[in-house]
Every structure is written in C-alpha cells, then in structure tokens.
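Colleague: got a sequence here, can you model it:
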Amino acid sequence: METGYFSTVYSSDGGAGLIHMTPTNQAINAADMDKLWPGNDYAGKLQILGKDFFKWPEYAWRSVAAWYKLTNRVIENCGLDLFTQPYET
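Modeller: Predicted coordinates for the structure are as follows:
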C-alpha cells in the first residue's frame, strides 16, 4: 500500500486515505465502517465529501481499521480480520 508513512493522503489516481483507498474500494470501505460503528452514516458522509472524507482524521483512522477488519476482502485470498492474524500471515 502506498502510505508514505501516512503523509500521502491523495494520489493522482483518485485514491485517498492513510492507506491509499482506491476509488473502487472507497464506498465498500465506508459501508464497512458503518457495519463496525453503526449510526455514524459514513457512507453518506463519503457521498458528500468525496475522497476528502479520507483526509479527516476522525474518518481516516477508522477507515484503516475497517480495512484491516473487513474491507481487505477485496484482495484475492485475503478477507481476514488482520488484527487477529499472526504477523507472518
């Protein structure tokens, strides 16, 4: 992932976020955030803010957590809660 040590929050390909969420995965990630923290309407906020949503710290860090718990399923052969996996995995 292109993080630039969390210094690159935008990219010319339309990606954004602390872990470079590509446009294809942005809505999936926001929906996963809503699953993990119901009642916050992250998907709605993404619709309003666009990729700027991933720039806001209160959303960006939860986006990272949602990726590690759920959204990584978009990668073939992943789909694991990475918080519970050994480092070698």
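
Colleague: quick one: low-confidence parts of the protein?
Modeller: Scanning the chain for pLDDT under 70 picks out the ranges 1-10.

Colleague: tell me, what residue is most central in it?
Modeller: The chain has residue 63 as the residue nearest its centroid, 3.6 Å off, counting by C-alpha atoms, centre = their mean.

Colleague: list phi and psi for that residue.
Modeller: phi -60, psi -40 (degrees, to the nearest 10).

Colleague: I'd like the numbering to begin with 58 instead of 1 from here.
Modeller: Let's use 58 as the start, then, which means that last one is residue 120.

Colleague: what sits against it?
Modeller: If you count contacts by C-beta atoms under 8 Å, 6 or more residues apart in numbering, residue 120 has them with 74-76, 78, 86-87, 90, 111. Yep, even glycine has a C-beta here, placed from its N, CA and C like the rest.

Colleague: try 7 Å this time
Modeller: Going by C-beta atoms under 7 Å, 6 or more residues apart in numbering, residue 120 touches 74, 78, 86, 90, 111.

Colleague: ranges for the helices of this protein?
Modeller: All helices of the chain, identified by DSSP state H, fall at 80-93, 99-106, 114-126.

Colleague: nearest to residue 133, of the ones you listed?
Modeller: Nearest to residue 133 among the helices of the chain is helix 80-93 (13.5 Å), distances taken as C-beta to C-beta.

Colleague: just the residues contacting the closest one, thanks.
Modeller: With C-beta under 7 Å, 6+ apart as the test, helix 80-93 has contacts from 71-72, 78, 97-100, 103, 108, 119-120, 123-124, 126-128, 131.

Colleague: how does it look with 8 Å?
Modeller: 70-73, 78, 97-100, 102-103, 108, 110-111, 116, 119-120, 122-124, 126-128, 131.

Colleague: tell me the buried residues within these.
Modeller: Buried subset of the contacts of helix 80-93 (neighbour count, 16 or more other C-beta atoms under 10 Å): 72-73, 78, 99-100, 102-103, 108, 110-111, 116, 119-120, 122-124, 126-128.
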